[in-house]
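Trainee: can't give you the sequence, but here's the structure:
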């Protein structure tokens, strides 16, 4: 395409979202795939479902062949102005509360971790001793 490639805004590309007028954004390039709709192995619905967004992930997830990638050149009509493409929302994990939320001192927790099993063991020996002697 050379250095004089037409640059499209995201809004310009998103209006081309119909069977008879279908453009896609893949890897920063704009493709007019209208003539390819009938020939696409996955069907035209696959292409239509990728309009109105950056279709790079959809394209890469399928695992297209080298010949499919070479064929893309025929349909490339320009570049996308990256500053006009909306950023994908990044997943942000919810903030986890601290394990020790009630502010119990670390010493008491460690003491209980030692004493509770010891008390259970003592109770088990006491029951065994009491049941044997009767």
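Mentor: Looks like it arrived, so ask away. Just so we're clear, the structure is a prediction, and the values are computed from it rather than from any experiment. Residues are numbered from 1 along each chain as shown.
Trainee: which one is residue 37 nearest to, not counting chain neighbours?
Mentor: Among residues not flanking residue 37 along the chain, residue 44 sits closest, at 4.3 Å (C-beta to C-beta, 6 or more residues apart in numbering). In this view, the C-beta of every residue, glycine as well, is placed from N, C-alpha and C.
Trainee: residues near the one you found, how many?
Mentor: For residue 44, the neighbour count with other C-beta atoms under 10 Å is 16.
Trainee: again, but for residue 53
Mentor: Residue 53: 18 neighbours (other C-beta under 10 Å).
Trainee: and residue 106, by the same measure?
Mentor: Neighbours of residue 106 (other C-beta under 10 Å): 8.
Trainee: quick one on the thing from earlier: how near is the residue nearest to residue 37 to residue 117?
Mentor: 66 Å (C-beta to C-beta, to the nearest Å).
Trainee: the residue nearest to residue 37 reaches residue 38, doesn't it?
Mentor: Yes - counting by C-beta atoms under 8 Å, residue 44 does reach residue 38; the two are 6.9 Å apart.
Trainee: check which helices and strands the longest helix along the chain is in contact with.
Mentor: Counting by DSSP state H, the longest helix found in the chain is helix 106-133. Here helix 106-133 touches no other helix or strand, going by 3 or more C-beta pairs under 8 Å, 6 or more residues apart in numbering; DSSP states H and E.
Trainee: roughly how far is that helix from the heart of the chain?
Mentor: Computed by C-alpha atoms, centre = their mean, to the nearest Å, the chain-centroid distance of helix 106-133 equals 49 Å.
Trainee: average pLDDT across that helix?
Mentor: The pLDDT scores in helix 106-133 average 89.
Trainee: in the protein, which spans are helices?
Mentor: Using DSSP H, helices in the chain cover 10-14, 44-49, 56-62, 66-75, 106-133.
Trainee: please name whichever of those helices is nearest to residue 22.
Mentor: The closest of the helices of the chain to residue 22 is helix 44-49. By C-beta to C-beta, the value is 5.8 Å.
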